[in-house]
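*Asks:* The sequence and its predicted three-dimensional model are supplied below.
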Amino acid sequence: MKQKQPLVSIITVVRNAEETILRTINSALIQKNVDFEVLVWDGLSTDGTVEKLETLKSQIQFHSGKDSGVYDAMNRSLKLAKGKWILFLNADDYFLNDDSLEKLVTLAIQGKHDYVCGFASMFFGLKVWRPKTLTDFDFFVGNPSNHQAYLCKKSAYLELGGFDLRYKYAADVDFMFRVIKAGYRGGVVSEAIVHYSLGGLSTKNVSRGVNELEEIMAKFLHSDIQFARECRFVFHEGKIPSKVFIESLISAKWSLSQLSQLVLFFGTKYCLEETPFFVKIKNFINKIVRTILKNLVFQILKILPNRVL
């Protein structure tokens with residue numbers, strides 16, 4: 001008898017995550033009202049990860065082998081996945097509820113989308129990562145979505161060639177940008193779908209990750225790194241733009257969707273030279289506070305033995 005193909009493949013790639021792997025996989029196994037498979041790729045773990053997974057052997061598709069990093073493992077897993085839709089759930093992240101996957105699938109099918117994004121909870125729920133515009137304006141901003149809350153057709157991964165292995169920390173951003181550029185249709189579930197644990201590969205290597213992000217932004221903006229960095233500061237970090245930066249934006253050629261978003265953005269913003277003094281002071285204080293808090297968080301993450309936040 002031919003076995004029914006799953007609608008969704010939930011893929012977890014892992015290496016040495018014995019403290020969190022069962023929480024992740026169990027949160028996937030309890031998803032309801034969706035035909036799915038849980039596929040685990042283990043990159044030859046040397047701790048107790050495999051032993052932990054042995055307890056779930058009958059409920060998951062388990063594969064083990066050598067890979068050259070997390071994105072190579074993801075690409076290898078894609079070839080093994082049987083689902084029409086793919087969701088990558090990192091080995092220290094987890095679904096928040098038993099209907100989280102159902103919410104993504106329902107919007108994807110009813111809205112005839114190629115991919116859908118949900119919110120991601122962080123810092124024990126104190127912070128929420130919301131998807132951005134899902135248009136080419138995201139090239140100015142940075143990460144369009146949290147990748148653990150990102151459900152995408154397998155056909156899109158195959159048509160676009162999966163993850164670019166030139167990137168070690170931000171290949172998921174590059175892929176999501178390529179999805180947008182190719183014209184795939186996306187939607188947003190305005191609810192927290194997963195908990196995103198800090199302290200993983202990208203947050204342990206934040207400076208390298210940011211450098212890759214800016215390199216990717218520059219590629220899609222057809223600009224140099226400095227311009228991409230300034231875009232990130234202005235559109236994501238809230239820096240007050242200078243006249244020079246605004247003039248450089250105006251002089252470049254952008255798509256209609258990018259232009260419309262730029263008009264909306266700058267319609268409510270001052271430029272640096274025209275900003276009232278008290279607004280400059282407020283912006284400066286906010287920047288200092290954000291910088292201190294961010295540096296404090298990442299210093300803590302560097303010394304954490306496990307990814308627990």
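*Replies:* That came in fine, so what should we check first?
*Asks:* now for the top strand by length along the chain, which elements pack on it?
*Replies:* For the chain, the longest strand by residue count, based on DSSP state E, is strand 186-195. Applying 3 or more CB pairs under 8 Å, 6 or more residues apart in numbering; DSSP states H and E, one finds that strand 186-195 makes contact with strand 94-95, helix 100-110, strand 115-122. The way it works is simple: take the backbone N, C-alpha and C, and place the C-beta from them, glycine included.
*Asks:* the strands in this protein, which residues?
*Replies:* Using DSSP E, strands in the chain cover 8-14, 36-42, 61-64, 85-88, 94-95, 115-122, 127-129, 150-153, 186-195.
*Asks:* For the stretch 151-300 of the chain, which residues score under the pLDDT cut-off?
*Replies:* Scanning the stretch 151-300 of the chain for pLDDT under 70 picks out 199-205, 268-287, 289-300.
*Asks:* can you rerun that using 90?
*Replies:* Flagging of the stretch 151-300 of the chain using pLDDT under 90 yields the residue ranges 197-208, 237-244, 246-247, 249-251, 260, 262-300.
*Asks:* Figure out the length between the terminal residues of stretch 120-135.
*Replies:* 19 Å (CA to CA, to the nearest Å).
*Asks:* quick one: average confidence on it?
*Replies:* Here stretch 120-135 scores 88 as its mean pLDDT.
*Asks:* What residues of that stretch count as buried?
*Replies:* Using 16 or more other CB atoms under 10 Å as the burial criterion, the residues of stretch 120-135 that qualify are 120-122, 129, 131-134.
*Asks:* burial count for V141?
*Replies:* V141 has 18 neighbours, counted by other CB atoms under 10 Å.
*Asks:* got the contact list for it?
*Replies:* 132-133, 231-232, 235-236 (CB atoms under 8 Å, 6 or more residues apart in numbering).
*Asks:* mind putting those in a markdown table, distance to L87 included?
*Replies:* Conversion of these to a markdown table gives the following (distance: CB to CB, whole Å):
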| residue | distance to L87 |
| --- | --- |
| K132 | 19 |
| T133 | 21 |
| C231 | 29 |
| R232 | 27 |
| F235 | 27 |
| H236 | 25 |
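*Asks:* wait, which of those residues is closest to E214?
*Replies:* R232 (6.4 Å; CB to CB).
*Asks:* domains in the chain, as residue ranges please.
*Replies:* 8-197, 206-303 (automatic domain parsing).
*Asks:* re the thing from before, Serialize the helices and strands packed on strand 186-195 to CSV and add fields for distance to K52.
*Replies:* Output for the helices and strands packed on strand 186-195, formatted as CSV (distance: least, CB to CB, whole Å):
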stretch, distance to K52
strand 94-95, 14
helix 100-110, 22
strand 115-122, 24
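*Asks:* Quick one, which of those gets closest to T49.
*Replies:* Among the helices and strands packed on strand 186-195, if distance is taken as CB to CB, the winner is strand 94-95, at 15.5 Å.
*Asks:* about what we covered before: neighbouring strands for the longest strand of the chain, and are they parallel or not?
*Replies:* Strand 186-195 pairs in its sheet with strand 94-95 (antiparallel), strand 115-122 (parallel), by DSSP bridges.
*Asks:* Next up, the contacts around the residue lying closest to N90 once chain neighbours are set aside.
*Replies:* Distances taken as CB to CB, 6 or more residues apart in numbering place Q148 nearest to N90, at 5.8 Å, with adjacent residues excluded. Residues in contact with Q148, defined by CB under 8 Å, 6+ apart, are 87-90, 93, 120, 193-194, 196.
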